[in-house]
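K.L.:
generate coordinates for the sequence data below:
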Amino acid sequence: MKKVSVIGSGSWGVALAIYLAGQGCQVKIWSFSEEERDLINNERKCKFLPKVVIPENIYCSTDAKEVLEDTELILHVTPSKFTRDVVKKYKNYVKDQGVIICSKGFEASSLKTLDDVAKEELPNSKIGVLSGPSHAEEVSVFVPTALVVASESKELADEVVDIFKSDKMRMYTSKDVKGVELGGALKNIIAFCAGISAGLGLGDNTFAALLTRGLVEISRLGVALGGKKDTFYGLTGLGDLIVTCSSMHSRNRRAGILMGQGKSLQETLDEVQMVVEGITATEVAYKISRELNIDMPITEAIYSVLYQGANPNEAVLELMTRSKKHEMEEVVNNGLFR
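P.N.:
Predicted coordinates for the structure are as follows:
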């Protein structure tokens, strides 16, 4: 029986724990909250996934040492803003186990991806990233899903595939750690914008335009930061973008809808009651794009709404009235367009 530690008791952490328990693993969850710990252990419930029953082979503790004792694999699943502080809590108990980052976001203070944060805190550990189009609400009830694990360590990637693969989970491996992670983090910006569009009452035409041009922005910045372009047209880029922009399971889309309907950022966060990673991702992507002189008009529009008090309607108008562009800009810029 494989022993797996899940760091984080939010919806995604618990969903992964439930799935792996169904795979026959012995799973321990670390939580910062005694209330969530007791809910999991005593009532077999998760407040973020009210319809699921947590299996008996899952145990939750607020003691990192207890959770990591004798574990064979560590899944890190906390909100991005807590990543470094939480890794510091448990890094002294990490031995030779691999650490898989399952969160999707950035560290706002340093503008770093989460695998870079983990590598800084765990310089001697094998690090990987798990990403792809996946809602916790569906993985927790074993809806067929496809995910990608990326790592510089083939041994670690293969280990994760062997643990996860089943008739309900199709697994792929990748060496493009940066591309896989950036696709998952940046798509939250576009999902937030898609939500604003829906909240404003705009239609399918607008939605399709946002997804298509949003993918261009994601890949443009992602390649500049070291990702491979093909990765952004796979499961962890386009796939994750589609599922996050189109589903009400997506907290980023739900938050965007509320702001499109006229609610303030604080009112939106109070109603969603979950971490909305797209907000931090927007700030980070905006700052990096300015530093690298990368054109990201959708990101700039969302930044203006979130951080500069712009009206969502006016932000959409500004996007629609930008100076003319050729759709295949790279082709034109390289002199290949006739």
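K.L.:
residue contacts, the closest residue to Lys47 other than its chain neighbours?
P.N.:
Spatial nearest neighbour of Lys47, chain neighbours left out: Leu39 (6.3 Å); criterion: C-beta to C-beta, 6 or more residues apart in numbering. (Each C-beta comes from the backbone N, C-alpha and C, glycine too.) Going by C-beta atoms under 8 Å, 6 or more residues apart in numbering, Leu39 touches Lys45, Cys46, Lys47.
K.L.:
could you redo the last one with a cut-off of 10 Å?
P.N.:
Ser9, Ser31, Ser33, Lys45, Cys46, Lys47, Ile54, Cys60 (C-beta atoms under 10 Å, 6 or more residues apart in numbering).
K.L.:
can you check Leu319 too?
P.N.:
Residues counted as contacts of Leu319 (C-beta under 10 Å, 6+ apart) are Cys193, Thr206, Ala209, Leu210, Arg213, Pro297, Ile298, Glu300, Ala301.
K.L.:
now with 6 Å?
P.N.:
Applying C-beta atoms under 6 Å, 6 or more residues apart in numbering to Leu319 gives the contacts Pro297, Ala301.
K.L.:
can you pull out the strands in the protein?
P.N.:
3-7, 26-30, 58-61, 73-76, 98-101, 106-107, 112-113, 127-131, 145-151, 169-174 (DSSP state E).
K.L.:
how about these, which one is nearest Ala281?
P.N.:
With C-beta to C-beta as the criterion, Ala281 lies closest to strand 106-107 of the strands of the chain, at 5.9 Å.
K.L.:
contacts made by that closest one with the rest, please.
P.N.:
By C-beta under 6 Å, 6+ apart, the residues outside strand 106-107 that reach it are Ser80, Val117, Ala185, Ala281, Val284.
K.L.:
most surrounded residue in these?
P.N.:
If you count neighbours using other C-beta atoms under 10 Å, the busiest of these is Ala281, which has 28 neighbours.
K.L.:
ok, that residue to Ile100 distance?
P.N.:
20 Å (C-beta to C-beta, to the nearest Å).
K.L.:
that older thread, make JSON lines from the contacts of strand 106-107 and add distance to Lys228 and pLDDT to it.
P.N.:
Output for the contacts of strand 106-107, formatted as JSON lines (distance: C-beta to C-beta, whole Å; pLDDT from 0 to 100):
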{"residue": "Ser80", "distance to Lys228": "22", "pLDDT": "95"}
{"residue": "Val117", "distance to Lys228": "21", "pLDDT": "98"}
{"residue": "Ala185", "distance to Lys228": "16", "pLDDT": "96"}
{"residue": "Ala281", "distance to Lys228": "20", "pLDDT": "95"}
{"residue": "Val284", "distance to Lys228": "20", "pLDDT": "97"}
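K.L.:
farthest pair within those?
P.N.:
Maximum pairwise distance in these, criterion C-beta to C-beta, is 14.5 Å, between Val117 and Ala281.
K.L.:
returning to that earlier point: the residue nearest to Lys47 and Ala136: what is the separation?
P.N.:
Leu39 sits 16 Å away from Ala136, taking C-beta to C-beta as the criterion.
K.L.:
for Ala185, same thing?
P.N.:
Taking C-beta to C-beta, one finds Ala185 at 17 Å from Ala136.
K.L.:
which other residues reach stretch 142-158?
P.N.:
Contact partners of stretch 142-158, identified using C-beta under 6 Å, 6+ apart, comprise 98, 126, 128-132, 134, 139, 160, 168-174, 176-177, 180, 235-236.
K.L.:
what's the local residue count around the closest residue to Gly128 other than its chain neighbours?
P.N.:
Leaving aside its chain neighbours, Gly128 sits nearest to Ser151 (3.4 Å; criterion: C-beta to C-beta, 6+ apart). By the criterion of other C-beta under 10 Å, Ser151 has 26 neighbours.
K.L.:
okay, now Gln273: neighbour count?
P.N.:
Neighbours of Gln273 using other C-beta under 10 Å come to 9.
K.L.:
would you mind measuring from it to Lys3?
P.N.:
Distance from Gln273 to Lys3, counting by C-beta to C-beta: 32 Å.
K.L.:
and what of Phe82?
P.N.:
Counting by C-beta to C-beta, the separation of Phe82 from Lys3 is 24 Å.
K.L.:
over to Val160?
P.N.:
14 Å.
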